[in-house]
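Trainee: Structure for this input, please:
(chains A and B)
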Amino acid sequence: MTALVRLSGLQIAACKDGGVTSIVRDIDLCVEAGEVLALIGESGSGKTTIALALLGYARPGCRITGGEIEVAGHRIDRMDEAALRTLRGRVVAYVAQSAAAAFNPMLTIMRQVIEPALVHGLMDRAAAETKARGLFRALALPDPDTVGDRYPHQVSGGQLQRLMAAMALITDPALVIFDEPTTALDVTTQIEVLKAFKTVVRDLGTTAVYVSHDLAVVAQIADRICVLRGGTVQEQGKADQILHAPAHAYSRALVGAAAPRVPAEPIAMPPPAPGEAPLLELRDIVAGYGGLDANGRPKACILDKVSLTIRRGRTLGVIGESGSGKSTLARVVAGLHSAAQGYVNLNGVPLASRIADRSREDLRRVQLVFQNADTALNPAMRVGQTVGRPLTFFHGLRGRTRAAEVARLFDLVRLPAAIADRLPGELSGGQKQRVNLARALAARPDLLLCDEVTSALDPVVAEAVLDLLVDLRRELGVAYMFITHDIERVRAIADDVMVLYGGCQMELADARALGSGPHHPYSRLLMASVPHLKAGWLETTMDPFAPVPGQAGATADGCRFFSRCALAMPGTCDLVRPASLVADDRLIACHRELAEL
Amino acid sequence: MRRPRIALAVGATLVGAALLSALVGPLLAPHSIGAVVDLDVFSPSSAAFPLGTDYLGRDVLSRVLTATRYTVFISFVATMIAASVGIFFGLAAASGSWLDMVLSRLFDIVIAIPSLMFGLVVITSLGASIPVLIGTLAVVYTPGAFRTARALALNVAALDFITVARSRGEGLSYIVLREILPNLIGPLAADFGLRFVFVALLLSGLSFLGLGVQPPYADLGALVRENIAGLGFGAPAVLFPALALASLTVGLNLTIDTLTGGRKATR
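Mentor: Alright, predicted model coming up:
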């Protein structure tokens, strides 16, 4: 077979402050017709830069400085802008990470999907629309005949991503570039999109370059994998070989980070003294936005009767997809959002719902760690000062004692003390997240609320931060509320796990009980949706969107998960809120019997 | 990368020249500001009078050197007052809801009055002294500084590190002064520079109407007005004050643009 795509000696440089920095060096790649090549690496590895070079495009400030780029017989590196324009969207098509940002909200979907075909004059409007409907069907979109008449905000994120693939495929391009197309999606949606992509790529025999940082996703779709780091190729080979016998040390680290974590050793805690109140106790918390109705419920109810307890030194994992109310839960505990009903107890004493009414001692005991360290650290403040402020605020430390304590905290989060004089902009993502943690620890809290603290980090860095959290817990005895969408992470770090869906508690279980015995159908769906590092997993896992006939939606009093539940019982589940089934190590909110789950 | 550097060099040179003449200009002036030294009026450039003479036969070079001091000094003080008052209230408004309401409506009222009209009314009733000029210019340009500071502060106040400080129980003054203000220095400096240009132009406008600095002293706008009759002869007496004013504003704009643009690029 001949190579359809050939890169040889590709060099890309960035011009900054008058200097030229090489960001991609000596890339040699081939993709054969009908093959899917994955480019994998962490942020800054040059994977997207290389993929864009296949379109003859370099981002502003960057320039392709050398090498040959050949796609389907066209020498991209020798073409001018006008020639490239006739090529883009026709010979090489691009699927971006955020479909929501790539669609024009003012135009119907159909108009945008067929635009590449019309722009290049490949077919007339009627033919293009017929072809688009065929693609919608192939991509398993609901209502393929009418979905094109809608506007982008009227379809879900996962559907929009598939519509974008249809836009790319409408011209039958020789090469499609997928740039992290599922990274921004929830796990359950990710599967749906991956399945659609895989089917369509196989059926149409499309040649594709798939850019991702997630090895387990790549394992499902790629024929060959190319591991990148710092702008150079570390290793390339057949998918099986990279996944099961990686030769390069960095590939091994990547595979290691993608493998399921071994759960942390359970930490021996002295059993609670009889009558000792739990560290944190939430009872029937109702919270949301908008005014309250006659029953005292907010108009937009984000959390609905959530109860939980965290004992001293324990970790509660809170899992849910976007919109499940998990961040609001942390905000209620931190006092940033007032609950409409229910109460929060800290050490058995009710906690005021607003920050202004809480004592400084109560504020000190609960500290919030945000997901995005880029916005959680003041860019104009040296990190030593950022970490030192809570020391002054809560403990009255100043001058040399404060500096010594800051150094000790940096040591605790495994950062060099010399970093204290830097600004956040001068640190890497992992370092920023450690500073973020150090600031929370400076207050000497009893409870850390960790809101998706590892989600924005590269897998290898995220693993290191998780290790740090486990160590800190052992050294300091702090308790965590660990909020995440990633059930694998929770299983490894938490003692107890709470599953939220639509603001309701679906299941509360011992972390070790996950994966065995009865579970809520939604918990099962979540666990089945985490990609495994194994080719062919995608075909064997359960289909999260297996059509459940006649289940449109539940009434306000019904089970929130009704419309997506495979075990739902119409007439019961959609009308009545389920009570909790109690087993010795789990609580499940479902109408079915334990034996059925 | 090349062009900003040239722009910065040109801008800095022009601004530097204006500042230099504001500081030491009157000492360098070859003649006294009010002295009639030429028998002819509107005479062209010569060795004795490099920029010619004006409508009374006074040396234009001496008058421009002195007038620059008035233009730069009055504009600077007025801008300083407008910016500090505006930023103070802007930051206060960004952190409290009812205060925001009161202050915003108050400054809206000031904005609603046309600036030149406001200047004319105030100066005709209070007389054209330098303190009155400064006060008028400051009042006219405070609402703009207020709106800019408020909008910038609102953007920063929505970021997570402010939420972290709030959840720690920090007071308002700490959040505004230590967390928010340091992040606004760049854009506020740019706004200060632009406002300085507007103030200098309004001052010149007032002087052109005869309400600015009074004779025998003059600012650049007044020099243009008094020599306007020379325009028909192409006299340097009307061209050079106008040129001085133009180079000050263009130079300042170039400097601000490159400084803030560079900041954005490195971020």
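Trainee: Can you give the contact residues for stretch B:236-250?
Mentor: Residues outside stretch B:236-250 that contact it (Cβ atoms under 8 Å, 6 or more residues apart in numbering or on different chains): B:11, B:14-15, B:17-18, B:42, B:44-45, B:51-55, B:60, B:63-64, B:67-68, B:71-72, B:197, B:200-201, B:204, B:220-221, B:223-224, B:227-228, B:230-231. In this view, the C-beta of every residue, glycine as well, is placed from N, C-alpha and C.
Trainee: got a pLDDT number for A:A264?
Mentor: pLDDT recorded at A:A264 is 66.
Trainee: Hmm, I typed the wrong one, I wanted B:R267.
Mentor: 35.
Trainee: Dihedrals phi and psi, the residue of the stretch 51-200 of chain A found nearest chain B?
Mentor: The nearest approach of the stretch 51-200 of chain A to chain B comes at A:G61, 8.7 Å away (Cβ to the nearest Cβ). In terms of degrees, to the nearest 10, the main-chain angles of A:G61 are phi 90, psi -10.
Trainee: doesn't A:A14 make contact with it?
Mentor: Yes. Applying Cβ atoms under 8 Å, one finds A:G61 in contact with A:A14, separated by 5.6 Å.
Trainee: More neighbours: the two, which one.
Mentor: Taking neighbours as other Cβ atoms under 10 Å in any protein chain shown, A:G61 and A:A14 compare with A:A14 leading, 17 against 10.
Trainee: quick one: contacts for whichever residue of the stretch 51-200 of chain B sits closest to chain A?
Mentor: Nearest to chain A, among the residues of the stretch 51-200 of chain B, is B:P182, at 3.6 Å (Cβ to the nearest Cβ). Residues near B:P182 by Cβ under 8 Å, 6+ apart: A:378, A:380-381.
Trainee: Quick check: closest non-adjacent residue to residue 70.
Mentor: Just going to use chain A. A:R6 (4.4 Å; Cβ to Cβ, 6 or more residues apart in numbering or on different chains).
Trainee: Chain B was what I was after
Mentor: Per Cβ to Cβ, 6+ apart, closest to B:Y70 is B:D219, 4.1 Å.
Trainee: The one you found: neighbouring residues, count only.
Mentor: For B:D219, using other Cβ under 10 Å, the count is 28.
Trainee: okay but it is in contact with B:S204, surely?
Mentor: Yes. Between B:D219 and B:S204 there is a contact under Cβ under 8 Å: 6.7 Å.
Trainee: Name the helix or strand for B:I162, please.
Mentor: For B:I162, the host element (DSSP states H and E) is helix B:160-168.
Trainee: tell me how far that helix is from the chain's mean position?
Mentor: Averaging C-alpha positions (Cα atoms, centre = their mean, to the nearest Å) puts helix B:160-168 37 Å from its chain's average.
Trainee: is chain A contacted by that helix?
Mentor: Yes. Helix B:160-168 is in contact with chain A by Cβ under 8 Å from any Cβ of the partner chain, via B:160-161, B:163-164, B:166-168.
Trainee: and that helix, what other elements does it pack with?
Mentor: If you count contacts as 3 or more Cβ pairs under 8 Å, 6 or more residues apart in numbering or on different chains; DSSP states H and E, helix B:160-168 packs onto strand A:366-369, helix A:373-376, helix A:383-395.
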